[in-house]
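Novice: the following comprises the amino acid sequence and a computationally predicted model.
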Amino acid sequence: MGLRFETRRSDSIWIDTVWTSTSDQVTTMTSVAGTHWGLVFWARDGRSFAAVTGPETRTRTAPVPEDAIFTGIEFATGTTLRAVPTPALVDGGIELPDTTARTFRLDGTRWSTPGPDDAEALVSALVRAGVVVRDPLVADVLRGHRPDVAARTVQRRFRAATGLTHGTIRQIDRARTAAGLLTAGTTAPDVVAELDYFDEPHLARALRTYIGRTAGQLRDRSGGAIGL
């Protein structure tokens, strides 16, 4: 079957989504742009690994090893890892050292490696220890609020917390929403109207840049594995 994904939302204000993936053969995956940083844990060939992943501003092709099992936590926009500024993670990541099947090391402390049902407990522990922090101003801006601070201050704090501009986050999130609608069977003209794209070529450019698929490929579910 190649590559299988499962994703769930979280009730935690610190977490956007929790996901799992398994592969039963060597393959490649189209990794789409995303606005969140995360923690990823995986195992293959009897070895365990962990990494911090950053926001992605473009689509890319990622190799997927055979017989690998992944668990990922995507953190909510506006959260930050104390030890690594989010801007330093954009379009990159850091593999964490000294990872075992039971534990991983982050910010000088050893933590229990989570399964998909343990994500909230791990993140709560990271928050209590101050390893993960949050700028509530970013969440307020994303909800459409206008903070009582200068626009330049908002821009500075937004970029410090997310590594991206507010405009870039809007563009990526809109393209991901468009891809989800197309995959569910919505026509391209209806997606243009619903998400306020200028026209279908505008939508096509966004999909090419951030998703790596055409509208037709998304509706037909063709083009290979995709991490959407």
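Specialist: Arrived safely. Numbers count the residues shown, from 1 in each chain.

Novice: run through this structure and note the low-pLDDT ranges.
Specialist: Along the chain, segments meeting pLDDT under 70 span 1-2, 25-27, 228.

Novice: counting contacts, what elements does the helix of greatest length in it pack onto?
Specialist: Looking across the chain with DSSP state H, the single longest helix is helix 166-183. For helix 166-183, the packing partners by 3 or more CB pairs under 8 Å, 6 or more residues apart in numbering; DSSP states H and E come out as helix 136-142, helix 151-162, helix 188-195, helix 200-210, helix 215-220. Where you see a C-beta, it was placed from the backbone N, CA and C, and this is true even at glycine.

Novice: out of those, nearest to S10?
Specialist: helix 136-142 (14.5 Å; CB to CB).

Novice: give me the buried stretch members for the closest one, please.
Specialist: Buried residues in helix 136-142, defined by neighbour count with 16 or more other CB atoms under 10 Å: L137, V138, A139, V141, L142.

Novice: would you mind putting those into JSON lines with distance to R128 alongside?
Specialist: Below are the buried residues of helix 136-142 laid out as JSON lines (distance: CB to CB, whole Å):
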{"residue": "L137", "distance to R128": "22"}
{"residue": "V138", "distance to R128": "21"}
{"residue": "A139", "distance to R128": "19"}
{"residue": "V141", "distance to R128": "26"}
{"residue": "L142", "distance to R128": "24"}
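
Novice: hang on, the earlier thing: would you mind getting the angle between the longest helix of the chain and helix 188-195?
Specialist: 140 degrees (axes from the mean of the first three to the mean of the last three CA atoms, to 10 degrees).

Novice: list the buried ones in helix 166-183?
Specialist: 168-169, 171-176, 178-179, 181-183.

Novice: next, the angle helix 200-210 makes with that helix.
Specialist: Going by the same axes, to 10 degrees, helix 166-183 makes 100 degrees with helix 200-210.

Novice: list of residues touching helix 166-183?
Specialist: 32-35, 57, 77, 141-142, 155, 158, 162, 164, 188, 190-191, 194-195, 197, 203, 206-207, 209-211, 213, 215, 218-219, 221, 228 (CB atoms under 8 Å, 6 or more residues apart in numbering).

Novice: buried only: go through those for me.
Specialist: Among these, the ones that count as buried by 16+ other CB under 10 Å are 32-35, 57, 77, 141-142, 158, 162, 164, 188, 191, 197, 203, 206-207, 210-211, 213, 215, 218-219, 228.

Novice: looking at the helices and strands packed on helix 166-183, which is closest to A50?
Specialist: helix 151-162 (22.2 Å).

Novice: is G223 in a helix, a strand, or coil?
Specialist: Classification of G223 using DSSP: H, G, I helix; E, B strand; the rest coil returns coil.

Novice: now do the same contact list for it.
Specialist: Neighbouring residues of G223 by CB under 8 Å, 6+ apart: T30, G212, R213, Q217.

Novice: quick one: it and P87, what's the gap?
Specialist: Counting by CB to CB, to the nearest Å, the gap from G223 to P87 is 31 Å.

Novice: again, but for F198
Specialist: For F198 relative to P87 (CB to CB), the value is 30 Å.

Novice: adding distance to S10 and secondary structure, write the contacts of G223 out as TSV.
Specialist: Below are these laid out as TSV (distance: CB to CB, whole Å; DSSP: H, G, I helix; E, B strand; the rest coil):
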residue	distance to S10	secondary structure
T30	25	strand
G212	26	coil
R213	26	coil
Q217	29	helix
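
Novice: dump those into JSON lines; add distance to R128 as well.
Specialist: Shown next, in JSON lines, are the contacts of G223 (distance: CB to CB, whole Å):
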{"residue": "T30", "distance to R128": "37"}
{"residue": "G212", "distance to R128": "38"}
{"residue": "R213", "distance to R128": "40"}
{"residue": "Q217", "distance to R128": "44"}
